[in-house]
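>>> Just need the structure, nothing else, for what follows:
(one chain, ligands or ions: 2)
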Amino acid sequence: MKRKVVIALGGNAIQTGDASAEAQQEALNRTAEQLVGFIKNDVEIVIAHGNGPQVGNILLQQKAGDCEKNPAMPLDTCGAMSQGMIGYWMENAIDKALKRHGIEKDVATIVTRVVVDQNDPAFENPTKPIGPFYSEEEAKKAMAESGAVFKEDAGRGWRRVVASPKPVSIHEHHVINSLVEAGIITVAVGGGGIPVIETEEELQGIEAVIDKDFAAQKLAELVDADTLIILTGVDNVYINYNQPNQRKLEEVSVAELEEMVKEGHFAPGSMLPKVEAAINFANSKPERQTIITSLDKAFEALEGKAGTIVSKKGSAVLA
Ligand SMILES: Nc1ncnc2c1ncn2[C@@H]1O[C@H](COP(=O)(O)OP(=O)(O)O)[C@@H](O)[C@H]1O
Ligand SMILES: NC(=O)OP(=O)(O)O
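Ligands and ions are numbered 1, 2, ... in the order given. Predicted coordinates:
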């Protein structure tokens, strides 16, 4: 049986500072080249990606110009725009990479709606940073003028924050699974998916941005993937991160990682959601594993030779 892997791409896979279309497409060309390793080895992949910088910028662009003739779109619709934009760039980048390697395979993007609970406490406490960074002075001025919430983002500056409810279900998961089973490289739950709530009549968009790591975890469960790979800016997860006594996690069990969460080793706005998503997926079935690593190490990690590998039984190897 072929391996089925859901890959969640971190921010640096798409944007490394320069927010222009050219720079983001260039970053995706490099990302696609790394992903070819999976395809060459006959691994079926679903690609999920973030959208924090992009959806924030799209939201800002809504305010430009004549808002009567050119009305601003709400955040859920901006999320859909970011899925289309990044999916389009990703398709181009993957097509080019496949061509360079002489591989014939199709790639498709699914505009994905993700159902959330309208009573999720996240709606009362916005935490998801989107868009550009500001100085404290600029952020406080924008808060006073617009009522939007801005918070300091991990020592990097101030950013707007919006609600980030947990994904409950993924409306298009059957379609996504059909594509993957048909051997099509599938881009899905972009930006964590478009947040919707279920009413009796319809799926209704709601203003929020879902965390892509949690959405990728939910999708990996629903398409019955064997592995969830969370790609980010580091090769491994660390305990005592950035301290003289930091230690790299290689193979780790769910129970061991849960203990480390309790000890406060993982930063809430960055590594903690990844670790939580990793635990949830690995815990969902004994044969499932989650890998957290960098894009460069992704394929090596799938072979068990790199990254932090989380499974139900694990075997904590602290290097
Ligand atoms: N305990 C930890 N171990 C490893 N990295 C950590 C840890 N705590 C925080 N980090 C930081 O979190 C980053 C990942 O979060 P972030 O950049 O927000 O994610 P993304 O790649 O999805 O954009 C890592 O690149 C690293 O700098
Ligand atoms: N939606 C989301 O999780 O985006 P980032 O990964 O860019 O924060």
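
>>> and stretch 11-26, anywhere near ligand 1?
Yes. For stretch 11-26, a contact with ligand 1 is found by C-beta under 6 Å from any ligand atom, at Gly11. (C-beta placed from N, C-alpha, C; glycine too.)

>>> That stretch: which residues count as buried?
11-15, 24-25 (16 or more other C-beta atoms under 10 Å).

>>> Between the two ends of stretch 296-314, what distance do you get?
Taking C-alpha to C-alpha, to the nearest Å, the first and last residues of stretch 296-314 lie 23 Å apart.

>>> for stretch 146-161, same thing?
Per C-alpha to C-alpha, stretch 146-161 runs 13 Å from first to last residue.

>>> Just the pLDDT at the residue nearest in space to the middle of the chain, thanks.
Closest residue to the average C-alpha location of the chain: Lys212 at 3.0 Å, with C-alpha atoms, centre = their mean. At Lys212, the pLDDT value in this model is 98.

>>> Give me the phi and psi for it.
When quoted as degrees, to the nearest 10, the phi and psi of Lys212 stand at phi -70, psi -30.

>>> Identify the residues contacting it.
Residues in contact with Lys212, defined by C-beta atoms under 8 Å, 6 or more residues apart in numbering, are 8-9, 48-51, 189-192.

>>> Kindly recompute the last result at 6 Å.
By C-beta atoms under 6 Å, 6 or more residues apart in numbering, the contact list for Lys212 reads 8, 48, 50, 192.

>>> who wins for most neighbours among those residues?
Neighbour counts for the contacts of Lys212 (other C-beta atoms under 10 Å) peak at Gly192, which has 33 neighbours.

>>> Cross-check the contact I'm expecting between that one and Asp211.
Yes. Counting by C-beta atoms under 6 Å, Gly192 does reach Asp211; the two are 5.4 Å apart.

>>> Distance of the residue in the stretch 101-250 of the chain positioned nearest to ligand 1 relative to Lys274?
Nearest residue of the stretch 101-250 of the chain to ligand 1: Gly233, at 2.9 Å (C-beta to the nearest ligand atom). Computed as C-beta to C-beta, to the nearest Å, the Gly233 to Lys274 distance reads 11 Å.

>>> quick one: which of these two has more around it?
Counted by other C-beta under 10 Å, Gly233 and Lys274 do not tie: Lys274 has more neighbours, with 25 against 12.

>>> Can you tell me the element that one falls in?
Per DSSP states H and E: Lys274 is located in helix 271-284.

>>> And the pLDDT at the residue of the stretch 101-250 of the chain closest to ligand 1?
94.

>>> gap between the two ends of stretch 119-131?
End-to-end distance for stretch 119-131, by C-alpha to C-alpha: 25 Å.

>>> Likewise for stretch 31-51?
End residues of stretch 31-51 are separated by 15 Å (C-alpha to C-alpha).

>>> so where is the stretch 151-300 of the chain shaky, pLDDT-wise?
For the stretch 151-300 of the chain, no stretch has pLDDT under 70.

>>> how about the residues of it near ligand 1?
232-234, 237-238, 241, 265-267, 270-271.

>>> Can you flag which of those residues belong to strands?
Judged by DSSP state E, those include 232, 238 as members of strands.

>>> so what's the residue of the chain found nearest ligand 2 closest to, chain neighbours aside?
Proximity of the chain to ligand 2 (C-beta to the nearest ligand atom) peaks at Gly50, 2.3 Å away. Excluding the flanking residues, the one nearest Gly50 by C-beta to C-beta, 6 or more residues apart in numbering is Lys212, at 4.5 Å.

>>> quick one: that neighbour from Leu9, how far?
Distance from Lys212 to Leu9, by C-beta to C-beta: 8 Å.

>>> got it, and Ile94?
12 Å.

>>> Need the overlap of contacts for these two.
With C-beta under 6 Å, 6+ apart, Ile94 and Leu9 have no common neighbours.

>>> returning to that earlier point: need the residues of the stretch 151-300 of the chain next to ligand 1 in JSON lines with distance to Glu152, can you?
JSON lines is the format used below for those (distance: C-beta to C-beta, whole Å):
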{"residue": "Thr232", "distance to Glu152": "20"}
{"residue": "Gly233", "distance to Glu152": "19"}
{"residue": "Val234", "distance to Glu152": "21"}
{"residue": "Val237", "distance to Glu152": "23"}
{"residue": "Tyr238", "distance to Glu152": "22"}
{"residue": "Tyr241", "distance to Glu152": "18"}
{"residue": "His265", "distance to Glu152": "21"}
{"residue": "Phe266", "distance to Glu152": "18"}
{"residue": "Ala267", "distance to Glu152": "13"}
{"residue": "Ser270", "distance to Glu152": "13"}
{"residue": "Met271", "distance to Glu152": "17"}
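
>>> Beta-bridge partners for His109, please?
One thing to correct before we go on: residue 109 is Thr, not His. Beta bridges link Thr109 to Val187, judged by DSSP bridges.
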